[in-house]
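Visitor: A structural model of the following input is requested.
(chains A and B)
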Protein chains: 2
Amino acid sequence: MAQTAEQAAQRARVTIGDSEFDRDTAVTLREDGVYDAELSAGWTILEAVNGGYLLAMLGRALGEALPHPDPFSVSAHYLTASVPGPAVIRTQVARVGRTLSTGQASLFQFAPDGTEIERIRVVGTYGDLDGLSDEVRTSARPPAIPPLERCLGPSDGPVPLAGGSAITERLDIRIDPATVGWAVGAPSGKGEMRGWFGLADGRDADPLSLLLAVDALPPTSFELGLKGWTPTIELTAHIRCRPAPGPLRVSITTRNLAGGFLEEDADVWDSADRLVAQSRQLARAPRG
Amino acid sequence: MAQTAEQAAQRARVTIGDSEFDRDTAVTLREDGVYDAELSAGWTILEAVNGGYLLAMLGRALGEALPHPDPFSVSAHYLTASVPGPAVIRTQVARVGRTLSTGQASLFQFAPDGTEIERIRVVGTYGDLDGLSDEVRTSARPPAIPPLERCLGPSDGPVPLAGGSAITERLDIRIDPATVGWAVGAPSGKGEMRGWFGLADGRDADPLSLLLAVDALPPTSFELGLKGWTPTIELTAHIRCRPAPGPLRVSITTRNLAGGFLEEDADVWDSADRLVAQSRQLARAPRG
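Guide: Numbering: from 1, shown residues only, chains lettered A, B, ... in the order given. Predicted coordinates:
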C-alpha cells in the first residue's frame, strides 16, 4: 500500500522493543510468575482477538519467567474466546536445563464477579537462538511468491482483505494474487495462502513477532470456498532461527479438511531465505 | 517377516483393550486425577523408553480424566529421559465444553529419595471421533509405499533395523526399501522415512496406538547420514479420525535441519486410505 509521509517517518524510528507490537504485548510483573496484561482492541479481526497476537503475549511472559530468552517450541491450546481488556498470565517453570528450559503459561480474563476464566494454556520450551550453530541442511525452499509490489493489500482496489478489522491497520500483509480468488468470489479450491508479512509501523521481526506471523494471514479455508470463522483449537510454533531484518514470506497450507476440522501448516521465511518458523494448528472448519 | 504358528494364533485373539500395548500403557487411579503406572522395559530402544509409547500412556490417563474419550490434539514437551519402572501421572482438567475438553497431564518418576522428577508435560484437547461428520475434503494422498511384503523388517537379512532393542519385538514395522539406505551405509541424504506399521501381536490401531505410531519409525536423521540419538524436545499429534482395522502406513519427513535441531512431520494413513493422524516434532539432531 502507498505510504504516507507520516508512515515513512514512523518506519524510520520504530525499533524492536519500542513499537506498537511491543507495547501491546507488554506484560507487567505482579508477583513471582504472575503478569498483568491488557489485550488491545487493536489486534482484533471483527470481534475476535487474533490468536497469534495472544500467543506472542504469552510467549513474552514465558520468556520473562524462564532463564532462556527465545521460544524454540510453543504449544498453545485455545480454551475460550479472548476479548479486549485486562488479563492476567500465570506462569510456572517446569524444568531448567543448560541449553533449554520449559515452562507453562495460562492467560485468564475475568467474569463480572471477578472469577478468572482461562483463555489459553501454553507449554513452551525456550533456548538461546544466538547460541545455535550456523549449520543448515535443508530441503525446504522459500515459497514462490511474486515481488511484494505485485501482491495485494487492503488498499488494492475492491479486494476486501479482512477490511474493517483493526488488525489490518497494524499489519502490512500483501497476498499473492494466486491465492486471493476467495476475495472476488472465485476461491481456488486449494488449501493454500501465501504472502508477505510485516508490521505496519516497520518494526523488524523477532522471535515474538514470528508467533504473530504464523497466524496472521487469512485462513486457507477461504481458498477452500468456506466462509466464516476458523477458530484455532491448538497451535504449535517452532522458532528455528532469529529472523533477519526485512519483510517475511509466509506460506500456509491445509492438506486435510475432514470431519469438521482442518490443519493449517505455516512456514515463515526471512529476507535471507532462511526458514525461521514453522507452525501447525488444528482448527474448526467454518460451516459455510 | 514370516509368522510362526504361535504368532498367527495370537493374532487371531488379540483385541483392542486386551493386548500387550493396552496392558503396558495401563494406568491405575490412585486418587482423583492421579494415576499410577509402570513403564515397561518392553518399549525401549537401546536404553531409552520410546517417546510414542510414553505419549500413548499419557494419552490414556488424560482420556480417563476428561469427559471426552479421544485425543484430538496432544502436545507433549519432553523434559527428562524416562526409564523403565514405576511412574505417576498427575492430571488436571482445564476446560470442559460440549464437544471438546482440554486437560493437562505430567508424568513423573522418582529420585532415590522419593522426590518426583517430571519426565513429560502434556496438554491435550479431547473430543469424540465417532461424533464427527464423514465429510472429507483433502488434497493429501497416501504415500507411495511398496506392498507390505516388499518392505523390510528386522528379520530381513543383514539390515539391522534397530536390532536388539526390545521395542522391535512388539512392533511390526516394514520399511520402504527406498528409505533404508542408512542401514547399509548408503543414506539417501533425503529427510524421508516410510513404512508399514502394526503391533506385533496383531492388535488393530486405535487413537491411542496412533500416538505410538507417529514416533515409532527410525528417525529421518538416519537417512540424512547422521548416527545416534535424536531426542524429542516437543511432539504434537492430531488424531483426525478413528483408524480402520489393518496395517497403517506412516511417512515421516524432515525439511529443515538447522542449528542442531530438526523437525519431523509424520502422516499416518489407515487401510481405508484416510489420513488418520498428523504429527510434528522438534528434536535435537545427532552430532554424528
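
Visitor: Please count neighbours and contacts with C-alpha atoms only from this point.
Guide: Fine.

Visitor: so who does residue A:274 touch?
Guide: A:142, A:241, A:243 (Cα atoms under 8 Å, 6 or more residues apart in numbering or on different chains).

Visitor: and the first one, what does it touch?
Guide: Shown here is residue A:142, whose contacts under the criterion Cα under 8 Å, 6+ apart are A:249, A:269, A:273-275.

Visitor: Check which helix or strand residue A:196 maps to.
Guide: strand A:192-199 (DSSP states H and E).

Visitor: That strand vs chain B: in contact?
Guide: No - Strand A:192-199 lies apart from chain B when judged by Cα under 8 Å from any Cα of the partner chain; the minimum separation is 10.7 Å.

Visitor: Specify the beta-bridge partners of residue A:175.
Guide: residue A:152, residue A:195 (DSSP bridges).

Visitor: ok, it touching residue A:153?
Guide: Yes - counting by Cα atoms under 8 Å, residue A:175 touches residue A:153, with 6.5 Å between them.

Visitor: tell me the contacts of residue A:277?
Guide: For residue A:277, the contacting residues are A:210, A:214, A:237-241, A:266-269, by Cα under 8 Å, 6+ apart.

Visitor: Mark which of these are part of helices, please.
Guide: Per DSSP state H, helices hold the following members of those: residue A:210.

Visitor: biggest separation within the contacts of residue A:277, which pair?
Guide: Of all pairs drawn from these, the greatest distance, 15.2 Å, lies between A:241 and A:266 (Cα to Cα).

Visitor: circling back: could I get the contacts of residue A:142 as a markdown table with distance to residue B:219, pLDDT and secondary structure?
Guide: As requested, the contacts of residue A:142 are arranged in a markdown table below (distance: Cα to Cα, whole Å; pLDDT from 0 to 100; DSSP: H, G, I helix; E, B strand; the rest coil):
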| residue | distance to residue B:219 | pLDDT | secondary structure |
| --- | --- | --- | --- |
| A:249 | 29 | 98 | strand |
| A:269 | 25 | 98 | strand |
| A:273 | 26 | 96 | coil |
| A:274 | 23 | 96 | coil |
| A:275 | 21 | 97 | strand |
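
Visitor: picking that back up, out of the contacts of residue A:274, the closest to chain B would be?
Guide: Nearest to chain B among the contacts of residue A:274 is residue A:241, at 7.8 Å by Cα to the nearest Cα.

Visitor: Next, the contact list for that closest one, please.
Guide: A:129, A:274-277, B:259.

Visitor: ditto for residue A:170
Guide: Here residue A:170 is in contact with A:42-43, A:199-201 (Cα under 8 Å, 6+ apart).

Visitor: try it again with 10 Å
Guide: A:20-21, A:42-43, A:198-202 (Cα atoms under 10 Å, 6 or more residues apart in numbering or on different chains).

Visitor: Equivalent analysis for residue A:14, please.
Guide: Residues in contact with residue A:14 (Cα under 10 Å, 6+ apart) are A:20, A:201-204.

Visitor: Mark which of those are part of helices, please.
Guide: residue A:20.

Visitor: JSON lines please, covering the contacts of residue A:14 and showing pLDDT, distance to chain B and neighbour count.
Guide: Shown next, in JSON lines, are the contacts of residue A:14 (pLDDT from 0 to 100; distance: Cα to the nearest Cα, whole Å; neighbours: other Cα atoms under 10 Å in any protein chain shown):
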{"residue": "A:20", "pLDDT": "96", "distance to chain B": "31", "neighbour count": "18"}
{"residue": "A:201", "pLDDT": "95", "distance to chain B": "31", "neighbour count": "22"}
{"residue": "A:202", "pLDDT": "95", "distance to chain B": "28", "neighbour count": "23"}
{"residue": "A:203", "pLDDT": "96", "distance to chain B": "25", "neighbour count": "25"}
{"residue": "A:204", "pLDDT": "97", "distance to chain B": "22", "neighbour count": "19"}
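
Visitor: Please export the C-alpha coordinates of the strand or helix carrying residue A:64 as CSV.
Guide: Assigned by DSSP H and E, residue A:64 belongs to helix A:51-65. The C-alpha trace of helix A:51-65 is given here as CSV (Å, rounded to 0.1, in the frame of the first residue of the first chain):
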residue,chain,number,x,y,z
GLY,A,51,-4.6,-15.8,18.2
GLY,A,52,-1.1,-15.0,17.1
TYR,A,53,-1.1,-11.8,19.0
LEU,A,54,-2.2,-13.6,22.1
LEU,A,55,0.5,-16.2,21.5
ALA,A,56,3.1,-13.5,21.3
MET,A,57,2.0,-12.0,24.6
LEU,A,58,2.1,-15.4,26.3
GLY,A,59,5.5,-16.0,24.7
ARG,A,60,6.7,-12.8,26.1
ALA,A,61,5.6,-13.7,29.6
LEU,A,62,7.1,-17.1,29.4
GLY,A,63,10.4,-15.6,28.2
GLU,A,64,10.4,-13.4,31.3
ALA,A,65,9.6,-16.3,33.6
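
Visitor: Let me see the mean pLDDT of it.
Guide: Mean per-residue pLDDT for helix A:51-65: 98.

Visitor: Name the residues of it that are buried.
Guide: Neighbour counts using 16 or more other Cα atoms under 10 Å in any protein chain shown place A:51-65 of helix A:51-65 among the buried residues.

Visitor: and which of the residues you listed is nearest to residue A:32?
Guide: Nearest member of the buried residues of helix A:51-65 to residue A:32, counting by Cα to Cα, is residue A:65, at 8.5 Å.

Visitor: OK, contacts around the residue nearest to the closest one when sequence neighbours are not counted?
Guide: Leaving aside its chain neighbours, residue A:65 sits nearest to residue A:33 (6.1 Å; criterion: Cα to Cα, 6 or more residues apart in numbering or on different chains). Applying Cα under 10 Å, 6+ apart to residue A:33 gives the contacts A:61-62, A:64-66, A:89-93, A:105.

Visitor: now swap in residue A:284 and tell me
Guide: Counted by Cα under 10 Å, 6+ apart, residue A:284 has contacts A:229-233, A:257-263.

Visitor: Could you do residue A:100 as well?
Guide: A:66-72, A:125-128, B:79, B:233.

Visitor: With residue A:268 instead?
Guide: Here residue A:268 is in contact with A:142-143, A:195-197, A:210, A:213-214, A:239-240, A:243, A:248-252, A:274-279 (Cα under 10 Å, 6+ apart).

Visitor: Using neighbour counts, give me the buried entries of the residues you listed.
Guide: Neighbour counting over the contacts of residue A:268 (16+ other Cα under 10 Å) leaves A:143, A:195-197, A:210, A:213-214, A:239-240, A:243, A:248-252, A:274-279 as the buried ones.

Visitor: how is chain A carved up into domains?
Guide: A:5-130, A:148-284 (automatic domain parsing).

Visitor: which one of those domains has the most crowded surroundings?
Guide: domain A:148-284 (a mean of 21; mean count of other Cα atoms under 10 Å in any protein chain shown).

Visitor: Chain B contacts on the stretch 101-250 of chain A?
Guide: A:101-104, A:106, A:117-125, A:129-141, A:189-191, A:224, A:233-241 (Cα under 10 Å from any Cα of the partner chain).

Visitor: So which of those residues belong to strands?
Guide: Within those, residues falling in strands by DSSP state E are A:101-104, A:106, A:117-125, A:136-138, A:233-239.

Visitor: Can you name the residues bridging to the closest residue to residue A:88 other than its chain neighbours?
Guide: In space, residue A:88 comes closest to residue A:36 once its chain neighbours are excluded; the distance is 4.6 Å by Cα to Cα, 6+ apart. Beta-bridge partners for residue A:36, by DSSP bridges, are residue A:28, residue A:88.

Visitor: got it, and residue A:77?
Guide: residue A:121, residue A:234.

Visitor: my guess is it contacts residue B:102, does it?
Guide: Yes - counting by Cα atoms under 10 Å, residue B:102 is a contact partner of residue A:77 at 7.8 Å.
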